[in-house]
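> Predicted structure and sequence below. I'll ask about it afterward.
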Amino acid sequence: MRAPAPRRTASSLILAVVVAPIVAVAASAMKLVRFLMKLNNETVTIELKNGSVVHGTITGVDMQMNTHLKTVKMTARNREPSSLDSLSIRGNNIRYFVLPDALPLDTLLVDDAPKPKNRKKDDARGRGRGRVVDRGRGRGRGRGRGRGF
């Protein structure tokens with residue numbers, strides 16, 4: 001028996017319509033981490049997987065999504081907020097980023113990194129018969145088996 005389909009409200013439809021073009025551009029243009037790496041000096045709110053909320057200014061994001069912040073206000077779940085000068089968050093602990101409304105997403109989502117050139121053709125040129133590839137046939141010639149005595 002099938003589960004009933006989730007009900008859609010007017011607000012969820014509007015959200016889907018607004019977010020869909022941005023997601024389509026992001027998926028085709030660049031990786032999420034590359035986008036986050038461009039957010040230096042932006043003030044964001046980050047929710048962590050343990051329920052804590054962190055609000056601060058990004059100083060850097062690396063390839064593992066480790067995020068470094070300055071002028072941080074951290075609110076642990078069911079606790080009072082605390083202020084910190086700087087904070088580093090390991091990437092796998094991040095649930096999501098809340099970005100400012102004024103952020104120009106269309107310009108940030110453009111992938112301006114040069115694409116690596118395909119060097120396969122350069123590798124194939126030159127002398128010789130190419131790479132030696134062991135195809136796993138037999139045990140090789142070895143040193144012989146003797147005369148069978």
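Yes, it's here.

> Quick check: which element contains the nearest residue to L99 once chain neighbours are set aside?
Closest residue in space to L99, ignoring its immediate chain neighbours: V44 at 5.9 Å, by C-beta to C-beta, 6 or more residues apart in numbering. For glycine as for every other residue, the C-beta is placed from the backbone atoms N, C-alpha and C. Assigned by DSSP states H and E, V44 falls within strand 43-48.

> Which neighbours in the sheet does that strand have, and how are they oriented?
Using DSSP bridges, strand 43-48 pairs in its sheet with strand 53-61 (antiparallel), strand 94-98 (antiparallel).

> Can you point out the buried residues in it?
Neighbour-count burial for strand 43-48, counted by 16 or more other C-beta atoms under 10 Å, picks out 44, 46, 48.

> Let me see the contact set for the first one.
What that stands for is V44. Counting by C-beta atoms under 8 Å, 6 or more residues apart in numbering, V44 makes contact with 55-58, 97-100.

> Can I get the strand holding V44 in PDB, CA atoms only?
Extracted in PDB, the C-alpha atoms of strand 43-48 (Å, rounded to 0.1, in the frame of the first residue of the first chain):
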ATOM      1  CA  THR A  43      28.000  37.400   7.500                       C
ATOM      2  CA  VAL A  44      26.100  34.100   7.700                       C
ATOM      3  CA  THR A  45      24.200  31.900  10.100                       C
ATOM      4  CA  ILE A  46      25.200  28.200  10.200                       C
ATOM      5  CA  GLU A  47      23.200  25.500  11.800                       C
ATOM      6  CA  LEU A  48      25.100  22.500  13.000                       C
END
